[in-house]
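> fold the following, please.
(chains A and B)
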Number of protein chains: 2
Amino acid sequence: MRAEIIAVGTELLLGQIVNSNAQFLSRQCAGIGVDVYFQTVVGDNAGRIRDALELAKSRADLIICTGGLGPTQDDLTKEVLAVYLTRKQHIQEEAMNKIRSLFEARGAEMVESNIKQAIVLEGSDPLPNETGLAVGVALTQNGTHYMLLPGPPKEMKPMFEKHGIPWIRKRMTDETPLYSRMLKFAGIGESNLEHALLDLIEGQQDPTIAPYAKEGEVTIRLTTRAASEQEAWAKIKPAQQEIEKRVGRHLYAEEDIPIEQAVFRILRSRERTLSAAESCTGGLFSDMFTDIPESSTVFKGSIVSYTNEVKHNVLKVPLELLEGEHAPGAVSEETAAAMAAGAMEATGSDYAAAITGVAGPGPSEGKPVGLVFLGIAERNKPAKVIRIQASGNRESIKWRAAKAAYYHLWLTLTEAPNP
Amino acid sequence: MRAEIIAVGTELLLGQIVNSNAQFLSRQCAGIGVDVYFQTVVGDNAGRIRDALELAKSRADLIICTGGLGPTQDDLTKEVLAVYLTRKQHIQEEAMNKIRSLFEARGAEMVESNIKQAIVLEGSDPLPNETGLAVGVALTQNGTHYMLLPGPPKEMKPMFEKHGIPWIRKRMTDETPLYSRMLKFAGIGESNLEHALLDLIEGQQDPTIAPYAKEGEVTIRLTTRAASEQEAWAKIKPAQQEIEKRVGRHLYAEEDIPIEQAVFRILRSRERTLSAAESCTGGLFSDMFTDIPESSTVFKGSIVSYTNEVKHNVLKVPLELLEGEHAPGAVSEETAAAMAAGAMEATGSDYAAAITGVAGPGPSEGKPVGLVFLGIAERNKPAKVIRIQASGNRESIKWRAAKAAYYHLWLTLTEAPNP
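I've put the predicted structure just below:
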């Protein structure tokens, strides 16, 4: 199946936002064996959206549009497709009820334009929006499949994963299915991982071995076509075993979950709790963990200590570590250990992570940008401290430091030796 | 001038990388008054690159291609354009010398494929690559302008800014320059804002009025063409005044900055400090603030209190508010106020924001998902408490609650009345 992705939105053409939706959808399509040949971006203009649909129809079996399903005047995608395919539009009751009850709950008045978000095309399959209001649409006409998804990634992604992919899979019956397994790595950079696996990647045939990097995490995807799931895993298994032999101590999951989720699962299954003391990450470590539903069963809380005063008063870091000519300072091994112990004490948790470093843009205490100390504390054991040197800008350093803290927590929890 | 941006690269179609080049180029084009009507992504395939050029020629005056100028076999853009325009290719000496001397300096052997990077089209203007090897190309044929830029952003961006933009500007002599102003709003949804301005948006001529939404923030861009900056602002001013008359209490900046940055600037200019107590936002409020460079001059720290134990032990929230049959509970007006006061006390800050609510997925204390209380405390004054009902999934609720807290801090700081 050949697909084309059309992102609709003048804000994309003005460069106000980056087209991360096209990346997400392309990757998802690759994962199920749909070939994306073109990505197109078009503004909020009915004539040009129509032209883009027309062109895509001439070269794709599946056209996925994102954006333009909202309540405002320049949200046009549904109307344009309805006219293009000469299909009527009608209100989908389920979506409409959701909008109504939301406005009621807020005690706010629903404006007429909100009704637009509940409209679907005649004979289409509605795609429920579990994280927003605008309902999605999928339909087939004259052998071409059309799918309309909302623009906000937080609505589009779950809608596509939960409802879009199964809808597409059902229409791919004549193709040998594609199976893939994601292996997730932490504590190793993309180039180092690739270096360790270079001969495998270069000599790959079946399964294919594709590395992807996000900041602080690396993913390898093993993909094969097979008649059955069993056959697929039998083909994937030897390749995975070889990879594990080389870089197994960095492999934390066989599915696409972030490292903090792996840590969460272990802690929850053991009924153990976590807290944190954050300096340079400024709350990001805690924010990541609390994005996980039910994280409150594990996470006790954290102290974001952006001043020595807070490190001392709340985390009980001894003043002699922080102040004075010969003190190791806020960014030091000693302070990281004391912060972790302090977080555990203040919150009553079983484990604690502490992160102190220099996020930049300038150096601090004469220490270079990117220098970070991680403290990992466990009740009744001395805290471990790890020193890392992160690269990138302020946000990258925060991100990498937080991810590294999760990696070392995970190592501690799985009792693997520290590298 | 109408432009189309073509990004060449199979890695984009596989979703391995995001098309940040298209965003950068679109934004740059908007800044000089070039209208981008389409962005296209095409793989490393000669036939499809040619089709994309053909189509772009039919609808644009300027075609900007990125990617496919490198030394490898699948770098095809220059060859395809040369064949398409029937122009010869030749080696540009300056670029060739640079490649030669680089390999000499490295003591490495130059492989033949590297010569490709020094090739330009007959009669074209070479665009020097100051941060890499592949030379860029710009030329005009039959009234259409073509520009080929390298794919790596570190090479593409400086090449475009330094050589691409001046080349384009010289070809725009007959156009009146474009000026625009961004207005940023908080504490109001996109549909409500648009509703308040509907007649202005519908009746817009000059300047144009375009709303954009990101979660928890709304932007309006006013744009006009004018002979001078002075003339432009004179045209924009009455429209802006009318907007301010209607929704001025939500307008926090006249440039594209997030609300936390507006709060940061006020606090820093007054030499006042901030802290936070976060429950349902789990560190996100602090994370946002500490993404701002030099936020350490204002931010003292925060306590992420995910349990009643931490609320009581660290934030000194009285137990009678938290526990017992008739206690208002962790998600309540009283607790929000006590948390804000507790954060101010624990960190010694001048201001504090507290956020407590139900992020979901399930209700808590019998209170509905999305119910959030914000406490805004100021030294020597009673804390203000605001109740909001946020919608969306867990991450959206966290995001909206954090943005709402900044909005109410901003209102407090600017002494506007609370809505």
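
> in stretch A:210-230, which residues are buried?
Neighbour-count burial for stretch A:210-230, with 16 or more other CB atoms under 10 Å in any protein chain shown as criterion, is recorded at A:210-213, A:216-226. Backbone N, C-alpha and C define where each C-beta goes, glycine included.

> of these, closest to A:Ser58?
A:Arg225 (27.2 Å; CB to CB).

> about what we covered before: the buried residues of stretch A:210-230 in strands, which ones?
The members of those that map onto strands under DSSP state E are A:210-213, A:217-225.

> between which two of the residues you listed is the distance greatest?
Among these, A:Glu217 and A:Arg225 lie farthest apart (CB to CB), at 26.9 Å.

> near chain B, which residues of the stretch 201-350 of chain A are found?
Proximity of the stretch 201-350 of chain A to chain B (CB under 8 Å from any CB of the partner chain) is limited to residues A:210, A:212, A:276, A:278, A:281-287, A:289-291, A:293, A:295-296, A:299-307, A:309-310, A:313-314, A:346-348.

> now which of these would you call buried?
Buried among these by 16+ other CB under 10 Å: A:210, A:212, A:276, A:278, A:281-287, A:289-291, A:295-296, A:299-307, A:309-310, A:313-314, A:346-347.

> where helices are concerned, which of these count?
Among these, the ones falling in helices (DSSP state H) are A:284-287, A:289-290, A:309-310, A:313, A:346-347.

> mind putting the residues you listed in a markdown table, pLDDT and distance to B:Ser396 included?
Output for these, formatted as a markdown table (pLDDT from 0 to 100; distance: CB to CB, whole Å):
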| residue | pLDDT | distance to B:Ser396 |
| --- | --- | --- |
| A:Leu284 | 98 | 18 |
| A:Phe285 | 98 | 21 |
| A:Ser286 | 98 | 18 |
| A:Asp287 | 98 | 14 |
| A:Phe289 | 98 | 17 |
| A:Thr290 | 97 | 14 |
| A:Glu309 | 95 | 34 |
| A:Val310 | 97 | 30 |
| A:Asn313 | 96 | 34 |
| A:Ala346 | 96 | 30 |
| A:Thr347 | 97 | 27 |
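
> and which of those is nearest B:Ser113?
Closest to B:Ser113, out of all of these and judged by CB to CB, is A:Leu284, at 42.6 Å.

> from B:Glu104, how far off is the closest one?
45 Å (CB to CB, to the nearest Å).

> ok, the residue in the stretch 51-200 of chain A that chain B sits nearest to - contacts?
Across the stretch 51-200 of chain A, the shortest distance to chain B (CB to the nearest CB) belongs to A:Thr131, at 4.2 Å. The contact partners of A:Thr131, taken as CB atoms under 8 Å, 6 or more residues apart in numbering or on different chains, are A:154-155, A:158-159, B:392-393, B:396.

> cool, and A:Ile259?
A:Ile259 touches A:184, A:186, A:217, A:252-253, A:403, A:406-407, A:410, counting by CB under 8 Å, 6+ apart.

> touching, A:His250 and A:Leu183? I think so.
No - contact between A:His250 and A:Leu183 fails when scored by CB atoms under 8 Å: they sit 9.6 Å apart.

> look at these two and report which has more neighbours.
Remark: of A:His250 and A:Leu183, A:Leu183 carries more neighbours, 25 against 22, as counted by other CB atoms under 10 Å in any protein chain shown.

> list the contacts of that one.
So A:Leu183 contacts A:219-222, A:240, A:243, A:251, A:253-254 (CB under 8 Å, 6+ apart).

> let me know the closest of these to B:Ala327.
Checking the contacts of A:Leu183 one by one against B:Ala327 (CB to CB), the nearest turns out to be A:Ala253, at 40.4 Å.

> so which helix or strand takes in the closest residue to that closest one other than its chain neighbours?
Spatially, and ignoring its direct neighbours in sequence, A:Ala253 is nearest to A:Lys184 (4.4 Å; CB to CB, 6 or more residues apart in numbering or on different chains). Per DSSP states H and E, A:Lys184 falls inside strand A:178-185.

> parallel or antiparallel, list what pairs with that strand.
Sheet pairing for strand A:178-185, assigned by DSSP bridges, gives strand A:217-225 (antiparallel), strand A:251-253 (antiparallel).

> mind listing what the residue nearest to A:Gly187 when sequence neighbours are not counted touches?
Excluding the flanking residues, the one nearest A:Gly187 by CB to CB, 6+ apart is A:Tyr407, at 4.1 Å. Taking CB under 8 Å, 6+ apart, we find A:Tyr407 in contact with A:186-187, A:252, A:259.

> closest one of those residues to B:Asn45?
Out of the contacts of A:Tyr407, the member with the shortest distance to B:Asn45 (by CB to CB) is A:Ala186, at 35.4 Å.

> so what's that closest one up against?
A:Ala186 neighbours (CB under 8 Å, 6+ apart): A:216-218, A:250, A:252, A:259, A:403-404, A:406-407, A:410.

> put together CSV for these, with distance to B:Val369 and pLDDT on each row.
Shown next, in CSV, are the contacts of A:Ala186 (distance: CB to CB, whole Å; pLDDT from 0 to 100):
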residue, distance to B:Val369, pLDDT
A:Gly216, 30, 63
A:Glu217, 29, 74
A:Val218, 34, 84
A:His250, 37, 93
A:Tyr252, 30, 95
A:Ile259, 27, 96
A:Lys403, 29, 94
A:Ala404, 33, 94
A:Tyr406, 27, 97
A:Tyr407, 32, 95
A:Trp410, 30, 96
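
> residue ranges in the stretch 251-400 of chain A under the pLDDT threshold?
Of all residues in the stretch 251-400 of chain A, none has pLDDT under 70.

> swap in 90 and give it another go.
A:255-256, A:325, A:360-366, A:390-393, A:395-396 (pLDDT under 90).

> tell me which residue is most central in chain A.
Nearest residue to the geometric centre of chain A (CA atoms, centre = their mean): A:Pro258, 7.4 Å.

> ok, it - contacts?
So, once contact is read as CB under 8 Å, 6+ apart, A:Pro258 ends up touching A:184, A:217, A:288, A:406.
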